[in-house]
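**Student:** Sharing a model that was predicted from the sequence below.
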Amino acid sequence: MNLFDVYSLFDVIPVKGQGCHVWDDKGQEYLDLYGGHAVISVGHTHPHYVKRISDQLNKIGFYSNSVINPLQVELAEKIGKISGYDDYSLFLVNSGAEANENALKLASFHTGKDKVVAFRHSFHGRTSGAVAVTDNPKIVSPFNAVHKVLWAELNNISSVEEHLKSGEVAAVIIEGIQGVGGIHIPTNEFLQDLRALCDKYDVVLILDEIQSGYGRSGKFFAHQYSGIKADVITMAKGIGNGFPLGGILIAPKFEPVKGMLGTTFGGNYLAMAAGIAVAEIFEQEGLVENAAKVGQYILDHLPKSDKIKEVRGIGMMIGIEFHESIKEIRTKLLFEKHIFTGVAGPNMIRLLPPLCLTQAEADRFLEAFAELLK
């Protein structure tokens with residue numbers, strides 16, 4: 001049997017990782033500035049993370065069916081403390097797309113409405129509802145027709161209010177920082193106005209913090225720069241440091257009803273061990289503060305070049321947009337300088353390193369990048 005060939009893959013086979021570094025099957029070391037689509041938050045094979053999961057395997061590996069799991073309660077308490085949302089509730093799932101699906105479902109149940117406002121250049125996942133609110137022509141779904149999605153322009157509040165005036169909208173869903181769509185950042189003023197509009201028209205405000213959350217922006221959630229609170233926040237990626245885990249934070253105004261939401265694997269013991277370990281490392285090592293500090297250092301020291309059109313980002317979520325294709329420079333970064341990076345479209349290099357990245361490791365990238373730009 002062959003694999004279904006839908007991914008473009010580099011000829012590299014990672015076999016070992018530690019911190020911000022990985023090694024391939026030939027013994028070559030690489031600096032990892034992409035972290036597997038931003039899932040590596042505390043670094044590869046962090047000893048506390050490994051121990052937590054290993055210890056859990058020796059107790060009970062998996063169970064997630066109609067029984068009390070005290071690890072879920074422990075994780076909820078830790079996330080509430082470090083996120084600033086301790087009065088919210090947590091629903092646990094397996095992935096970002098599943099988190100967004102449940103957030104949309106919750107908003108529809110709460111309001112009795114079925115229309116959703118989403119934004120151009122957004123990306124919310126690859127399941128039916130998540131694809132419907134994703135503005136990406138490469139992943140158009142045949143199921144889109146069944147969803148009532150209204151499109152608005154980021155940082156254009158009038159384009160949102162035109163839709164909300166109808167009284168038919170259940171939710172507005174927006175990324176804290178747009179990732180796949182090109183590192184576009186909502187202004188603080190826009191998010192504040194959006195919060196006010198959602199209150200005015202009784203619409204649920206969903207903040208998709210799957211990529212921009214969990215400390216990556218230099219705050220726990222990117223939208224916290226604006227001082228607002230969302231009604232529902234979706235999380236995944238860095239929450240489990242690579243272990244499949246997602247969740248939604250739900251405001252107190254939502255009334256839970258038995259059977260309203262459900263999941264088979266969400267909140268299982270191994271996932272909880274991973275999530276608790278990540279939360280503990282965040283507290284012990286100050287990774288949110290490090291993301292702000294080292295991320296800003298990269299932004300301040302990126303070399304100047306006529307090839308670069310614009311640099312956008314906050315913390316350790318950075319996009320470097322070029323006037324032309326970045327395929328050649330990214331390939332050279334990988335095979336000549338041995339540095340992993342990502343992309344956001346054909347002209348943008350995207351940096352999503354583990355949040356433990358040091359200034360010295362950042363300098364390695366900056367020096368290599370400067371050499372290639374020459």
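**Tutor:** Nice, I can see it.

**Student:** May I have the phi/psi pair for the residue lying closest to residue 224 once chain neighbours are set aside?
**Tutor:** Closest residue to residue 224 apart from its sequence neighbours, by C-beta to C-beta, 6 or more residues apart in numbering: residue 84 at 6.9 Å. All C-beta atoms are positioned from the backbone trio N, CA, C, and that covers glycine. Phi and psi for residue 84, reported as degrees, to the nearest 10, are phi 80, psi 10.

**Student:** again, but for the one 10 residues further on
**Tutor:** Its backbone dihedrals place residue 94 at phi -110, psi -20, with angles given as degrees, to the nearest 10.

**Student:** re the thing from before, surely the residue nearest to residue 224 meets residue 223?
**Tutor:** No. With contacts counted by C-beta atoms under 8 Å, residue 84 stays clear of residue 223, the gap being 11.1 Å.

**Student:** what about those two, which has more around it?
**Tutor:** Comparing residue 84 with residue 223 by neighbour count (other C-beta atoms under 10 Å), the higher total belongs to residue 223, at 28 against 13.

**Student:** dump the residue contacts of the more buried one.
**Tutor:** For residue 223, the contacting residues are 176, 186, 191, 207, 209, 230, 233, by C-beta atoms under 8 Å, 6 or more residues apart in numbering.

**Student:** Let me know the secondary structure of residue 118.
**Tutor:** Judged by DSSP: H, G, I helix; E, B strand; the rest coil, the three-state class of residue 118 is strand.

**Student:** Please tell me I have it right and it contacts residue 148.
**Tutor:** No. Counting by C-beta under 8 Å, residue 118 stays clear of residue 148, with 10.8 Å between them.

**Student:** Between these two, point out the one with more neighbours.
**Tutor:** Between residue 118 and residue 148, residue 118 has the larger neighbour count (other C-beta under 10 Å), namely 23 against 13.

**Student:** so how far is residue 200 from that one?
**Tutor:** Between residue 118 and residue 200 the computed distance is 19 Å (C-beta to C-beta, to the nearest Å).

**Student:** could you show me where the helices are in the stretch 51-200 of the chain, in order?
**Tutor:** Counting by DSSP state H, counting those that start in this stretch, the stretch 51-200 of the chain has helices at residues 70-83, 96-111, 128-132, 157-164, 188-201.

**Student:** Give the rounded mean pLDDT of stretch 4-19.
**Tutor:** Stretch 4-19 comes out with an average pLDDT of 92.

**Student:** er, stretch 271-280 actually
**Tutor:** Summarised as a single mean, pLDDT over stretch 271-280 is 98.

**Student:** ditto for stretch 101-109
**Tutor:** Mean pLDDT, stretch 101-109: 92.

**Student:** Now flag whichever of the contacts of residue 223 is closest to residue 331.
**Tutor:** Taking C-beta to C-beta as the measure, residue 331 lies nearest residue 176 of the contacts of residue 223, at 30.3 Å.

**Student:** Give me the neighbour count for the residue nearest to the closest one when sequence neighbours are not counted.
**Tutor:** Nearest-residue entry for residue 176: residue 222, 3.1 Å, with adjacent residues in sequence omitted and distances by C-beta to C-beta, 6+ apart. Neighbour count for residue 222, taken as other C-beta under 10 Å: 27.

**Student:** who's in contact with residue 222?
**Tutor:** 176, 177, 185, 209, 212, 213, 216, 314, 317.

**Student:** measure the residue lying closest to the last one once chain neighbours are set aside to residue 177 for me?
**Tutor:** The spatial neighbour of residue 317 that comes closest, neighbours along the chain excluded (C-beta to C-beta, 6+ apart), is residue 216 at 5.1 Å. Spatial separation of residue 216 from residue 177 under the definition C-beta to C-beta is 8 Å.

**Student:** Residue 38 contacts residue 213, correct?
**Tutor:** No. Counting by C-beta under 8 Å, residue 38 stays clear of residue 213, with 9.7 Å between them.

**Student:** neighbour count winner among the two?
**Tutor:** Taking neighbours as other C-beta under 10 Å, residue 38 and residue 213 compare with residue 213 leading, 31 against 26.

**Student:** Would you check how far apart the more buried one and residue 160 are?
**Tutor:** Distance from residue 213 to residue 160, by C-beta to C-beta: 22 Å.

**Student:** can you check residue 322 too?
**Tutor:** Look at residue 322 and residue 160: by C-beta to C-beta, they are 31 Å apart.

**Student:** Run through this protein and note the low-pLDDT ranges.
**Tutor:** Across the chain, residues meeting the criterion (pLDDT under 70) sit at 64-65, 123-132, 134-147.

**Student:** 80 - rerun?
**Tutor:** 61-66, 121-147 (pLDDT under 80).

**Student:** Which parts of the stretch 201-350 of the chain are helices?
**Tutor:** 269-285, 287-301, 327-335.

**Student:** Quick check: buried residues in the last one?
**Tutor:** For helix 327-335, a neighbour-count test (16 or more other C-beta atoms under 10 Å) marks 329, 330, 333, 334 as buried.

**Student:** Let me know whether the last one touches residue 340 as I believe.
**Tutor:** Yes. Under the contact definition of C-beta under 8 Å, residue 334 touches residue 340, with a separation of 6.4 Å.
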